[in-house]
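Visitor: heads up, no residue letters with this:
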C-alpha cells in the first residue's frame, strides 16, 4: 500500500571473481526491502572500497563499476530509513577505520537501545557522523574495552532490539542475527563460495543453493579457513517478525523456513473459513493480495479472476519533482477490469489497510466499474501498534484500525462487508510454534521490554518534515 | 517476450485547461505500445509547441512542463520504431510548417507505399529530415495539388497500409483511421471536451468516457464548432489486427469493441478444448499469459496458481550501459515459485513463442524447480509471416515457428507437450465476423496487395546495426 | 559585453583518421562564436552520421563518440541563433535526404531573402521542419530544376545575404563563401588533408597550416581527386564584416588577412590620437578591451595595468535555473583592482557599449574602488543600426547610441569623459581598401539592397519570449 | 600551471537573511582554492543542515537550495585534497553530533600531527569515517577531558601545523587561525553581520567591508552577543605562507595585509633588477604571470604585450571521461600570438616551473610562432622542498628544480636564458619583516619541527592511484 516500509535488505557473496556483480544483481531481488539508497562494499583482501548512492539500485550505483571492481568478497545493502533521516550519510554499508583497520557493516532491523548507547558514547567523547542507529554498532566494535576482551560476541551482547548484520573486513565476511531472530538472514552456497541474503529469492537469482538460516544469536564467519559458527547468546525465545510473512517478503522466498506464497495462500483459505460470503468472483489488489486471493478462491470454490490491471511503468520513479505528482502516480498504478466486476458480487483480497484512503479509492473504482457487491477481506488482523524492531508504520493517529471499529471502517470504505483475519487465524497458518513469532503490531505483545530499552527514540531523532520535503527537490 | 514490438500509442485531448497534463498521464497508460520515445504537441489556438525525447515518458518528457504549458489542446505519442531508426529526429509528434501554417502529426501503423511516395517526392525536389514513414504524410498534406483540391481526404487516399493518425493544427484536433482499420483508435468524452486514444484504458486513466471507435476510413475533426465526421474511402473490407487482441493491448482495454481480457480468457478456454491435458495446476508466464491462463483454468477445472514471480524493478531501464546487462536483466525478471510446481504436472500458458530461447530458459527454470511434467499451451497459432502493417516481429529466420515443426519445437523446449491454438480457434473467440480481422502473420493472408505497394522497404531503410549499438552508449 | 551575438562557427576536416576528434577540439577554439548548440556530421564515404546537442560543446556532444566515430571526413558547427529559435531542431549541421542521397550543411551568416524563398517553397508544397534560414538552402539544393541544371552555383546564386557554408556529402567536403564575403572562412592543410575554419585560431589548435581564405564567391571542393576551386559569381564588391575584427574574432586569429590583435592595437592607438587625455593609467574591460588598451598605452605612453580581475569560473554555465541568477553571475565576473585605480586618473578601454547598463555598473565599481577620474574610450564608433547579415544586436530601441548623444551617454555612465572611435579612424586601421568592408551597423551603409531582399523577416520569425524563458527551465 | 594545488577556501556569513546565498556566491570568488568539492553548512539557530558535492560549485551544489534555506548563518568550503582522498566523505564542512549537539567545521591547511592524533584516538576506541585530517579536530572537540576543561583553546593547542578554521554551532560562528598564521583568514562586516573569508576578493563579491585579518592564534566568535576575540597561544613567531602571495591568491585580494597584485608587480620589477636582458617585448603566461609581467615591463621600460590567448571555455570540466582528454585540454588552453612574438626577442614571465614539461611545450609554441629569442623569467625561486602545511606540490622527484640545475633546466626548456627570482629578491617585495613568512618550499627552513610532529603521513594516507582513476569514470 506504500505506507508501510521495511528498512533493509542484505546480500553478501564470498569467494567469487564476480562477487560485486553478483551482489549487484542479488540486491535487485531485494529492492522491495528498501528503495531509498543502495550500496556495495567489497574487498580484495587488503583494502575495502564502498560505493553508495540515493534511490533505486539503478540510480544509486553505476553499473560500470562491475567491470572495474573484481574484488572476490562483497556485501550490499538496500535501505529505507526507519531510524535516521534519508540522506547519503546514512546510506549503507557504513565503512569506517578503527584500531584494527577498515570495517564495513550493513544492518537490517532497528536497535531499541541505540539512543542510550549513543548518549553514552557522546558523553564519553565520541562523535557521530550519521543519524543511523547502525553507527553505535561500529562504535562498540571500536571500543577496545569491549572488543579486545570479549570480541564480536561482547559487542553484540550490548545491543537490544532487532539486527541482522553483514560485517566485512579485509579477511572475513560475517553474518549475524540478533538473539530473537527478528529479521531473517539466510545462508547459501555457490560453488566454493558462500552467500548471505535477507530472502532466499535472492539466492535463486544468482543460482546459489539455500543451505540454512543463520540462527538467532549466531555469528557465521566466512574466511579463507572456511565457515565458522559461534553462538553469542543464551537467550532462547524467538521472535520472528510475522509481518515479513504477511506483507514484506517476496512470495518466492522462504523466510524462517516458511514458504511465503504457501503461507499467504493459507491466510486466504483461513479467511474463507472465518468470513465466508456468497459471491461471484474473487479478485486481489495486486501484488500484495495475489497469493491470498488464490488461496481464498480455492478454499471457497469461487473463481479467481483479474480485477485490477497494474501499470508496470508507474511507481519506479524515486524522486518526483512535485508532491502532487506522487498522488497522481498512485492513481495511475491500478485500473479496474470492468468485465470482471460489472454486475458481480466481488470478494476483493488485500494484505493490509493502513490509513484507509487508498483502499477507499480503489474500492470506489470497483464500484464505478459496476460491482454489485464488494466484500473486502484483509489477510491479516488490523494493525494498531507501533513496531520498534524495524517496520515503519504510519503514525498511530493515522492508522485507521487504531481509530475506527471494523464496522466504522466498513462504512468509511463503502463496502458491503469487511473482514480482517483474526490473530489466531493468522498464527495458525505458520508451520512452527506460534510463540516463535513477534506479532506485536497486531497485539502489542512486545517480546522485549521496549519501555526500558528505549528512551524517546523517535522524538530525539525525528526528521524535520520541512527538511524532508526540501530533500525531494534539491541536492 | 520482448521480441515483438508494436510501434505506437496515440492520445489526444481537446478542450481542457490541463490538456497537456492529461496527455502526459494518458500516455503512461499507453507506454507498453512504445518505449523508445515520447512527445507531446499542444496549441493555444495560435502556435504549436512540441516537446519530445528519447526513452520512457519519465525520461523523455520533463514533467515540469505541465505547469508551464496550459494549452487546451494537445496530442501525444509514444513510439517504438518499426520503420526508420530510433533517434530524436524520428520521435513524434512531427511538427512542421507548410503553406497553411503549423501542423503536428502523430502516427500509429506503417505505410506500405512509403518508399514509393518518398522516392517520388525526392525526385520532385523534396527533402526528408527523418527516416520515418510519417514524413511522407506531411509532404502530401503540404502539396497544394493534392491538398488544395481534395483536402485531407485526398491526402489520405494516397496512403496504403496501416495508419491511425492524430493531426493537430492551431484550430483543430483530427483523428483518422485507415480504410481497413488496421490499428485501433477510440473516441472519448471528458466534460465538454473530446479525447482520442489508441486504447480505452487510457480513457479510464483520465476519467474520460468511451464514446465509440473512430471508424475505418473516417476523419473525426474537433474544433470550436464541435465534432465533425467524414468518410474519405469507399473501401468496405476491414482488417483489424488480431494481434492487438492476442498480444499487444492492455487487458483492461476494449479494442475494436472487444474486451481484451475476455477475449484472452476465451483463448484460454479454447485451448482447453483443443488441447486438453491432465494436470495438477495451471500457471502463466506473466504478464502476457495471465488472462488466458485464468480462462484455461476455469474451463479445464484445474486450479490456477502463481508459477512465476515477477521482479517489478527490472526492465524499466531504457538504455543499459552494456549489451550483456540486458540479457542479465531478462533473467532477473521472472523467478519460478517452487512451491507451486515442485512434483506437479504443470500446464503453463504463454501468449507467444518467438525465437524460443527465452521460453526454453523459462521452462527450464520450472523443471529445475521440480516440475514433474510441463505442458506448454500457447494462446495463439505459430506466427510465421512478417507484418507489413506496423508490428515488428523478429526476422523470419529467427522465428522458431518458421523453422521447426511443433514437435521439433517441443523437443527444443524440452517439455512434455506443446500446443498452439489453431487459427480457427483463435478467430472463434472474437464476437465479430472473422473476415473483419487481419491475421496475416499467422496465415500470410494479407488483406492488401503488399507486393505491389512495397518496394524493398526494409532494405532501403534498414538501420545499420553498428549505428544502433553506438546509439546505446553515446549521445 | 554579452549582448551582441555572432551566430556561428564552422570547422571541417578532410582526410584524417581522427577527423571527428579534430573537429571536436577545433570547435573549442570557435566556441565564442556560438554557445547555444554544437554538432558534428561525419562520413565514412557511404553514410553520414550527425550528432548535435544544446549548450556548450562539453554539454552538447558526448566526447566518448570520438572513440567510436572514426570517419575520415567531418564538419562541425557551433551556433547562436540570430534567425530561428534556439532549439535542437535548429542545431546544425542540418542533415537531410534528397534525390542525390544524404547531405549535411553548416551555415554561418544570415540570408536576407530567406523569408521570400521559404514562402515560395511552402507555396509550392514544401514543408519546413526548422525555423532556421539554412533550411531554404537545402530545399534549393534538392530542387531538380535548379540543381540538375546549374548545380551548386545555380543554388548559391539564388541566395542573398551572408553565408559561409560547409557542405558534406559522402564523397565531398565543400567550403563556400557568399559573393560579398561577409563572413570569414579560411582553408588550411594538415598532412595530406584539408581543413576549413571560420577563424585561423582553430587551425593552430589542431596543428594545421593556414593556406588562404576561401574567396568571396568561391566554391572549394575537397574529394578523393584533391581540391577543386570554382567561382560562381561575377559580383566584384566585397563586404567583409568589420565587426569580426572589432569585436567577435579571437585576437589570435587572422581574419580577411588581418591580424585581429594588431588591428585592435591600432584601434587603441587611433583612439589616443583622436581623443587624447592626461591620465595615470590605462586599463581595459577584459577580455574585449585588452588588445586596444595595450595599443592605447603604447601610443599614449601611459602605463597599462590590470584594472579588473576576471573570475574564470563564472559564465560558462549554459542554463541557469533562474533568471535572477544570470544577473548575479554577470556581477561575479569582474572585480576591480583597487590598487590600480584608487586615487588615479584612469583611462578605461572597452570594445563596445550596447545598452549601457553593464558599462555603467562596471565604471561604478571603479569609482567605488577610488578612481579619481574615469575616461572611457570605446574602440569603435557607436553602433546604431541593425545588422541583417548575421550579427544579433539588441533591438534598436535598446541601443544606447541610438537614443542618446555621446554627452548624454557620458552623463548616464557618470564618467569624466567618453569618446568613441570615429568611423574613419576605425577604417584606417585595416590594411586593405576600406570599401572592402561592411560597416553598416555604424553607418547604415548596407552593401546590398536589404529593403528589397527582406520582407519583415524579424517579425515573422521572431521567437516568442515566453517560449524562450520556458526553454530555460524545462526540457 | 595545474600541478600545484592549494587545498581550501573558507567563507562564512553571520546575520543575513540570505546568508546561504551569500556564501554560495562568495565561494565562487574562492573557487581557485579548491575545485574538487564544495559544501555549505547553515543553521537556523537550532539545527544545522549541510549540503555538499563533488566538483566545481556549479556541479556540487544545487543552486535551487538558495531559495529554500533561509538560514541566517552559514559557512562554506571549497576543497582540493592534499591529505585524504578525494571523495564525498571527505568533502567539507564536516558535520557531526557530539555531546554538545551538532557542529560543522571547515578547514584550510594541513595538520602535521594528524596521524599521531588519529592513531591515539583509534587506539582509544574511536572510529574514523573519513581520511581527512580535519576529523581529528572534531574528535578533540568531542573529548570531554579536553573540551570540558580547557574549551576550544585546549583543543587548538593540541594541533600542530597549519589550520584556518570556521566552526559553526547553532549559536555561534567561529573563525580561528593557527598560532603561526600559515593560512590567511580575514574578517569583514556586512550591515550588522560579519563575514569570514580566506581572501578579501570574496568580501568584495558580496559587498562586505574588510575589517582586519583574524590574527595568528586568535579565536573570533560571533554570536547574538556580538563579536568576541580570544588568543589561545603565546607563540609569537609568524609563518605566513609566501606562496599565497606568489601564486595562489587572486590578484584582487589583500592577504596578510599585502596587495597581491602590487606584490607580484614588485616581483616583476625585482626580476628586472636581478636578471635584466635586452629584448623587444614582455609577455606573460596567463593568468599567473600577468601581474609580474606588467611590473617587469614598467621597470624595464620594455613594452608589455599579449603573447598567449587563453581559451576561456577550456579547463572548467571537472571530470573528463578519459585521461588522454585532460592532456588535450591543457593544450587547448593557450594559443600563442604570432604577431606579438614573431621575429622578436621575447621576455616571458611565469609564476612557476613545476615539472617543466608544460613550460617546455608552451615555450616551444612561442618558438614555433617565430620568437627569435626567448628569455624566461620566473617570479619566484625554484621550489625544491615539500610543503607540510597544505600545499600539494608534485612529488619531489618530479620537481624539475630538485633534479636539474638552472642551466640544465634552461637547456631542457630550450630557451636563450632562464632566471628565477632569488629568495632575497622575493622576500624584499613584502612590506613586512621577512621573518613573518614561511618560505620553506624554497629554502627548507621549516618554521616547525616537522620531523617530530609527523610520522610518515604521506605513506599511510596515500590514495591508491588505481582507486583514483576508477573514481574518474565511475560513481
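Guide: Received, thanks. Note that this is a predicted model, so its numbers are computed, not measured. Numbers count the residues shown, from 1 in each chain, chains lettered A, B, ... in the order given.

Visitor: what pLDDT does residue A:352 get?
Guide: Predicted confidence (pLDDT) for residue A:352: 92.

Visitor: Residue A:285 against residue A:348, yeah?
Guide: Yes - judged on CB atoms under 8 Å, residue A:285 makes contact with residue A:348 at a distance of 6.5 Å. For the C-beta atoms, the positions are set from N, CA and C on the backbone; glycine is no exception.

Visitor: Run through the strands of the stretch 251-400 of chain A in chain order.
Guide: Per DSSP state E, counting those that start in this stretch, the stretch 251-400 of chain A carries strands over the ranges A:254-255, A:258-259, A:281-284, A:308-310, A:334-336, A:345-350, A:373-378, A:391-392.

Visitor: I'd like these as a markdown table, with distance to chain D and mean neighbour count appended.
Guide: Formatted as a markdown table, those follow (distance: least, CB to the nearest CB, whole Å; neighbours: other CB atoms under 10 Å in any protein chain shown):
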| stretch | distance to chain D | mean neighbour count |
| --- | --- | --- |
| strand A:254-255 | 32 | 22 |
| strand A:258-259 | 37 | 21 |
| strand A:281-284 | 39 | 26 |
| strand A:308-310 | 31 | 22 |
| strand A:334-336 | 33 | 23 |
| strand A:345-350 | 38 | 26 |
| strand A:373-378 | 40 | 23 |
| strand A:391-392 | 22 | 20 |
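
Visitor: out of those, nearest to residue B:214?
Guide: strand A:334-336 (21.9 Å; CB to CB).

Visitor: The closest one packs against which elements?
Guide: strand A:308-310, helix A:357-368, helix B:200-205 (3 or more CB pairs under 8 Å, 6 or more residues apart in numbering or on different chains; DSSP states H and E).

Visitor: Any chance of those in TSV with mean pLDDT as columns?
Guide: Listed next are the helices and strands packed on strand A:334-336 as TSV, based on pLDDT from 0 to 100:
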stretch	mean pLDDT
strand A:308-310	95
helix A:357-368	93
helix B:200-205	96
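
Visitor: Return the most buried member of the ones you listed.
Guide: helix B:200-205 (a mean of 26; mean count of other CB atoms under 10 Å in any protein chain shown).

Visitor: after it, next one along is what?
Guide: strand B:209-213 (DSSP states H and E).

Visitor: For that following strand, buried residues please.
Guide: For strand B:209-213, the buried set under the neighbour-count rule, 16 or more other CB atoms under 10 Å in any protein chain shown, comprises B:210, B:213.

Visitor: now swap in stretch A:223-235 and tell me
Guide: Buried-residue list, stretch A:223-235, by 16+ other CB under 10 Å: A:232-233, A:235.

Visitor: okay if I get those as a markdown table plus pLDDT and secondary structure?
Guide: Below are the buried residues of stretch A:223-235 laid out as a markdown table (pLDDT from 0 to 100; DSSP: H, G, I helix; E, B strand; the rest coil):
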| residue | pLDDT | secondary structure |
| --- | --- | --- |
| A:232 | 97 | coil |
| A:233 | 95 | coil |
| A:235 | 89 | coil |
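
Visitor: Count the neighbours of the closest residue to residue A:245 other than its chain neighbours for me.
Guide: Spatial nearest neighbour of residue A:245, chain neighbours left out: residue A:263 (5.0 Å); criterion: CB to CB, 6 or more residues apart in numbering or on different chains. Residue A:263 has 27 neighbours, counted by other CB atoms under 10 Å in any protein chain shown.

Visitor: same question, residue A:128
Guide: 19.

Visitor: Do I have it right that it meets residue D:94?
Guide: No - using CB under 8 Å, residue A:128 is not in contact with residue D:94; the gap is 11.9 Å.

Visitor: Could you please give me the overlap between the contact lists of those two?
Guide: The contact sets of residue A:128 and residue D:94 do not overlap (CB atoms under 8 Å, 6 or more residues apart in numbering or on different chains).

Visitor: ok, the residue in the stretch 51-200 of chain A positioned nearest to chain D to chain B distance?
Guide: In the stretch 51-200 of chain A, the residue that lies nearest chain D is residue A:62 (3.6 Å; CB to the nearest CB). Residue A:62 sits 8 Å away from chain B, going by CB to the nearest CB, to the nearest Å.

Visitor: Ok, residue A:59 next?
Guide: 10 Å.

Visitor: Now do the strands in the stretch 1-150 of chain A.
Guide: A:5-6, A:8-14, A:37-43, A:48-54, A:73-79, A:94-98, A:101-108.

Visitor: The residue nearest to residue A:245 against residue A:430, yeah?
Guide: Yes - applying CB under 8 Å, one finds residue A:263 in contact with residue A:430, separated by 6.9 Å.

Visitor: what's the overlap in contacts for the two?
Guide: What both residue A:263 and residue A:430 touch, as defined by CB under 8 Å, 6+ apart, is the set residue A:245.

Visitor: just to revisit the earlier point, can you check which of the strands of the stretch 1-150 of chain A gets nearest to residue A:415?
Guide: strand A:5-6 (26.3 Å).

Visitor: Could you point out the longest helix of chain A?
Guide: helix A:260-274 (DSSP state H).

Visitor: what is the orientation angle of that helix with strand A:345-350?
Guide: Relative orientation of helix A:260-274 versus strand A:345-350 (axes from the mean of the first three to the mean of the last three CA atoms, to 10 degrees): 140 degrees.

Visitor: any idea of the mean pLDDT in helix A:260-274?
Guide: 98.

Visitor: Give the buried residues for it.
Guide: For helix A:260-274, by 16+ other CB under 10 Å, it's A:260-272.

Visitor: name the helices or strands packed onto that helix?
Guide: So helix A:260-274, by 3+ CB pairs under 8 Å, 6+ apart, packs with helix A:290-300, helix A:423-427, helix B:338-341.

Visitor: Wondering if the longest one reaches chain B at all.
Guide: So that's helix A:290-300. Yes - contact between helix A:290-300 and chain B, assessed by CB under 8 Å from any CB of the partner chain, occurs at A:290-291, A:294, A:298.

Visitor: Now for those residues, which sits with the most neighbours around it?
Guide: Busiest of the residues of helix A:290-300 next to chain B [other CB under 10 Å] is residue A:291, holding 30 neighbours.

Visitor: if we can go back for a sec, may I see the helices and strands packed on strand A:334-336 arranged in a markdown table, with distance to residue D:9 as well?
Guide: Formatted as a markdown table, the helices and strands packed on strand A:334-336 follow (distance: least, CB to CB, whole Å):
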| stretch | distance to residue D:9 |
| --- | --- |
| strand A:308-310 | 52 |
| helix A:357-368 | 50 |
| helix B:200-205 | 52 |
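
Visitor: Work out for me the element residue A:415 sits within.
Guide: Using DSSP H and E, no helix or strand contains residue A:415.

Visitor: give me every residue that touches it.
Guide: Here residue A:415 is in contact with A:363, A:374-376 (CB under 8 Å, 6+ apart).

Visitor: which bits of the stretch 101-250 of chain A sit near chain D?
Guide: So far as CB under 8 Å from any CB goes, the stretch 101-250 of chain A lies against chain D at A:122-129, A:131, A:138-139, A:141-145.

Visitor: Try it again at 10 Å.
Guide: Within the stretch 101-250 of chain A, the positions near chain D by CB under 10 Å from any CB of the partner chain are A:101-103, A:118-119, A:121-131, A:135, A:138-148.

Visitor: Show the buried residues in the residues you listed.
Guide: Judged by 16+ other CB under 10 Å, buried ones among these: A:102-103, A:118, A:121-122, A:124-131, A:135, A:138-143, A:146-147.

Visitor: returning to that earlier point: any common contacting residues for residue A:285 and residue A:348?
Guide: Listed as contacting both residue A:285 and residue A:348 by CB atoms under 10 Å, 6 or more residues apart in numbering or on different chains are A:293, A:307-308, A:359, A:362-363, A:366, A:376, A:378.

Visitor: sec struct for residue A:175, please.
Guide: strand (DSSP: H, G, I helix; E, B strand; the rest coil).

Visitor: List the residues that contact it.
Guide: A:10, A:12, A:14, A:75, A:164-167, A:185-187, A:194-197, A:214, A:218-222, A:227, A:229.
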